[in-house]
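> coords below, sequence missing:
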């Protein structure tokens, strides 16, 4: 049977031998404010803070009351926020280490940027060349089409004009993508250079971008 004790802590040592090796649960009774202890959790202690002590009166641990639904929701949100922060911190450390492993000195960043931009410049020039060639073909087809202003245009000629227009459109879209790639590369290496400088204190965060074809 559950036995309740409203006694000073110093008297716990006088409890029966059956309780000598046990644990006791104590809380302040809400109705009277008195200290209530028992060899199992008293009903009066449920839903509020209570303390577990040994037979010598030493505190084993304090137990908080159960969280409310709102508190549980807030705790879940806080745990999620903290987890995301920890994941972001780990990812930043990984990226920083990768940056330091990639570049031994600031000049390595400049060389990598120059190579990447040179590759994009070559692709841009090649695309511009294909657009110019397509326009020359389109001009010849337009001149040929002049003969058919008052008569139906041959299906083969109409198909060629449609195909060359499609080719020009595709190449212009590709050119726009390559030009955006150039800006992306410049921004990427500017960011790498700035972060490298922050991590090592070496070099300068000044951009080393090369001109791109217009």
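Now that the structure is in, tell me what you want to look at. Everything quoted here is computed from the prediction, not taken from an experiment. Residues are numbered from 1 along each chain as shown.
> which helices and strands does the longest helix seen in the chain pack with?
The longest helix of the chain (DSSP state H) is helix 155-200. For helix 155-200, the packing partners by 3 or more CB pairs under 8 Å, 6 or more residues apart in numbering; DSSP states H and E come out as helix 69-102, helix 106-145. C-betas here are computed from N, CA, C, even on glycine.
> any idea how far that helix is from the chain center?
Relative to its chain's centre, helix 155-200 lies at 27 Å (CA atoms, centre = their mean, to the nearest Å).
> Next: stretch 27-46.
Distance, centroid of stretch 27-46 to centroid of chain: 48 Å (CA atoms, centre = their mean).
> Over to stretch 87-105?
With CA atoms, centre = their mean, you get 14 Å for stretch 87-105.
> And the contacts of that stretch?
Identification of contacts with stretch 87-105 by CB atoms under 8 Å, 6 or more residues apart in numbering yields 108, 109, 112, 192, 195, 196, 199, 200, 202, 203.
> pLDDT (mean, whole number) over that stretch?
The average of the pLDDT scores along stretch 87-105 is 95.
> Can you mark which positions in that stretch are buried?
In terms of neighbour count (16 or more other CB atoms under 10 Å), stretch 87-105 has its buried residues at 99, 103.
> Can you give me the domain boundaries for the chain?
The chain breaks down into these domains under automatic domain parsing: 4-63, 68-102, 105-200.
> Confidence-wise, which of the ones you listed is weakest overall?
Least confidently modelled of those is domain 4-63, at a mean of 74 by mean pLDDT.
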